[in-house]
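Engineer: after the sequence you'll find the predicted model.
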Amino acid sequence: MCGINGFINFNKNFSDKDFIVSMMNDAMEHRGPDESGFFSDNLCSLGMKRLSIIDLSNGKQPIYNEDKTVLVFYNGEIYNYLELKEDLLLKGHKFYTSSDTEVLVHLYEEYKESMFILLKGMFSFCIYDINNKKWVIVRDRFGEKPLFYFYNNDFISFSSEIFSLLQNSNIPRRINKQLIVDYLSNGIIPDPYTLFFNVFSLEPGSYLVINDCNIEIKSYFKPSYVTDTTIKTTEDCLELIKPAISNAVKSQMLSDVPIGAFLSGGIDSSTIVSNLQSNSSKPIQTFTVKFENSKYDESKIAKEVSEFIGTDHHELYIPNKGFTEDLFWNIIKHVGLPFPDSSAIPTFYITQEIRKYVKVAVSGDGGDEIFAGYPIYNWWGKINTLRTIPKFLRNWIRLFIENNKITYSETGRALHRAILASNGKPNEIGARASILFSDDETEYLTNGTKSNYSLLSNFPVESIDWSSFKKALYYRIKFDLPLDMLVKVDRMSMANSLEVRAPFLDASIFDIVSKIPPTLLIQNGQNKFLLRKLMENKLPKSVFDHPKSGFSIPLHDFFNENFTQLCHKYIIENNKMKKLFNNDALIFFVNRGLSQKVDTDITIYRATHQLWALLQLGGWLSYFNVDVDVE
């Protein structure tokens, strides 16, 4: 696991490009504290930081092909590299290391850009074809590993993290004002855009080709859902997914350093841990978070799973009032953008603790997205059904709910949100059902700018034939997974020099499950039915009986004097925030978030997370000294 970065000249010779890449490299020490790599010629400077996992002694980068005409700088893991290597050896390629990195240069020699679809893993890497003066930069299918870039007529610069990228002083730190409303509406901005103007994120399943001062963006993978009508029964499904999960876990156990695992007590992580332990001759080290607020605590169930399976279990206790300013700035620095998901806090803490024991941890991430574990999979169809009711009648019901304070109840809030979501376009349901600030709240903050869900409703042409269920699956894996879940896991774990692997995101598992008929994925009203069926005799009963809680935290219990002071300094008193937003609105949202009242039409959870989103934005503007005066 590593961080990569580079600077490529176009029409101008930058004499300081080596120094720039050195600065970018130093800014990613946490992603690879074990080794540094560097390459430079008159056209480019490329660098990397390495966290040694496979072939500890011979994996230093860059790694070349036999005649040193192709080199690679690489971040990630290729889990099927041994199979690929065997094929390449048969074709006459010669290897001088045992690392998965070296496979990439030989694959490029053999297959050029067709190589990417062969890879099973998480990665971003840069291949430099020296003779052809060509660079190819690629990102994995689902966006487990990040890649950011900036370009103009003179150069392109790229890096695994924005903080590193911005060590290049030639890159302006300007806000992309057009996307502020998108941030407020959902807290995420879809790739390839970021809140930095002209700083882009390479989309999952895509690659850049740089040649003759030209940049071309191409795609090698896009999620699709075409039902296989030969899959007719639960038994058919289990015959397919059981070996796929087992093989994925087994392949991701390849490592020359010890491996541990996240264990929350949920079915996803428990399934992965069960498979890990069945393939290990000694107890796997497992880790869970124990919150002081028992409402959010799954540690008891995690311990039951550990005892049932036989792992070496560790609990990390997180007390209330644990907020610190250092943690706040750590999140902003490593994400590089404002990040409203407060579960970054426990993720940082648990990865920090796990790193004391192991260099690699395996997680259950992706299980909900692949096997349909979220309420949105049920909601999408229900909201579509609501759309059959005339809009004027839906709006009458909405006004009745608002005027009679029915939104003070959980059921009333859910119905109100569903009606609002139904008023948008069909493909906007996912975005409208998971809003951060409502349309009215966004207009209040921005002095009248309306919410725009177009970026989060950009579905492929073939989706016109998809069911509501399949659209919900696509929305989660295209938007929420790479822009929230995987950002949190990658940045917080790598901030602590820990590699996290996600077997559920194995390409083979997705290829199988994406073809299963929806009626088999959710049965008898149970989400993730197939995982439940697969594991029903392999895990304790408590795993299946408790409600899904996710990894959200009681954010209000982290509020302390330090938090309050930060809110006033970086939201209310922040001149940059005042230039972007209605100052009265900022004061209102700060006061409401800090008040923690429960007798209103908004939950404490939502009010405090709106506050957190504004604090993240204000802190980001200050930390990165972002220019907000541009039009």
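Structural biologist: Cool, got the structure.

Engineer: list the residues that contact L89.
Structural biologist: For L89, the set of contacting residues under the criterion of CB atoms under 8 Å, 6 or more residues apart in numbering consists of F95. Just so you know, the C-beta spots here come from the backbone N, C-alpha and C atoms, and that holds for glycine as well.

Engineer: name the SS class of it, please.
Structural biologist: When the structure is split into helix, strand and coil by DSSP: H, G, I helix; E, B strand; the rest coil, L89 lands in helix.

Engineer: so that it lines up with my notes, have the first residue be 29 from now on.
Structural biologist: With the count now opening at 29, the last piece we talked about shows up as L117.

Engineer: grab the most central residue of this structure for me.
Structural biologist: Relative to the mean C-alpha position of the chain, the nearest C-alpha, by CA atoms, centre = their mean, is the one of L514, at 1.9 Å.

Engineer: ok, which stretches of the stretch 79-228 of the chain are helices?
Structural biologist: 109-118, 129-139, 190-193, 208-214 (DSSP state H, counting those that start in this stretch).

Engineer: what helices or strands is the third one leaning on?
Structural biologist: To tie it back to what came earlier, the one meant is helix 190-193. Under the contact definition 3 or more CB pairs under 8 Å, 6 or more residues apart in numbering; DSSP states H and E, helix 190-193 sits against strand 30-37, helix 45-54, strand 176-179, strand 183-187, helix 353-363.

Engineer: and that helix, how far out from the chain's middle?
Structural biologist: Once both centres are worked out by CA atoms, centre = their mean, to the nearest Å, helix 190-193 turns out to sit 17 Å from its chain's centre.

Engineer: so what touches it?
Structural biologist: With CB under 8 Å, 6+ apart as the criterion, helix 190-193 contacts 31, 33, 52-53, 55-56, 176-178, 185-187, 199, 222, 224, 227, 361-365.

Engineer: hang on, the earlier thing: closest to D264 out of the helices of the stretch 79-228 of the chain?
Structural biologist: Taking CB to CB as the criterion, D264 comes closest to helix 109-118 out of the helices of the stretch 79-228 of the chain, the separation being 26.3 Å.

Engineer: longest helix anywhere in this protein?
Structural biologist: Determined from DSSP state H, the single longest helix within the chain is helix 632-651.

Engineer: pLDDT value on the residue of the chain most remote from its centre, please?
Structural biologist: Taking CA atoms, centre = their mean as the measure, the residue most remote from the mean C-alpha position of the chain is N432, 39.4 Å away. We note a pLDDT of 79 for N432 in this prediction.

Engineer: how far away is it from K543?
Structural biologist: Applying CB to CB, to the nearest Å, one obtains 46 Å for the distance of N432 from K543.

Engineer: same deal with L484?
Structural biologist: Taken as CB to CB, the spacing of L484 relative to K543 amounts to 25 Å.

Engineer: surely A55 touches S188?
Structural biologist: No - when contacts are counted by CB atoms under 8 Å, A55 is not listed as touching S188 (10.1 Å).

Engineer: okay, the two: which has more neighbours?
Structural biologist: Regarding A55 and S188, a neighbour count based on other CB atoms under 10 Å identifies S188 as having more, with 27 against 21.

Engineer: do I have it right that the more buried one meets P174?
Structural biologist: Yes - using CB under 8 Å as the test, S188 is close enough to P174 to be in contact (5.6 Å).

Engineer: shared neighbours of these two, which are they?
Structural biologist: Shared between the contact lists of S188 and P174 (criterion: CB under 8 Å, 6+ apart) are residues S152.

Engineer: show me where the stretch 29-178 of the chain dips below the pLDDT cut-off.
Structural biologist: Per-residue confidence for the stretch 29-178 of the chain (pLDDT under 70) gives these ranges: 29, 79-87.

Engineer: quick check: phi and psi at H444.
Structural biologist: With angles defined as degrees, to the nearest 10, H444 sits at phi -60, psi -50.

Engineer: sorry, wrong one. I was asking about M76.
Structural biologist: Main-chain dihedrals, M76, degrees, to the nearest 10: phi -160, psi 160.

Engineer: next one: G288
Structural biologist: Main-chain dihedrals, G288, degrees, to the nearest 10: phi -120, psi -170.

Engineer: go on, the one 3 residues further on?
Structural biologist: Geometry field for L291 lists phi and psi as phi -140, psi 100, criterion degrees, to the nearest 10.
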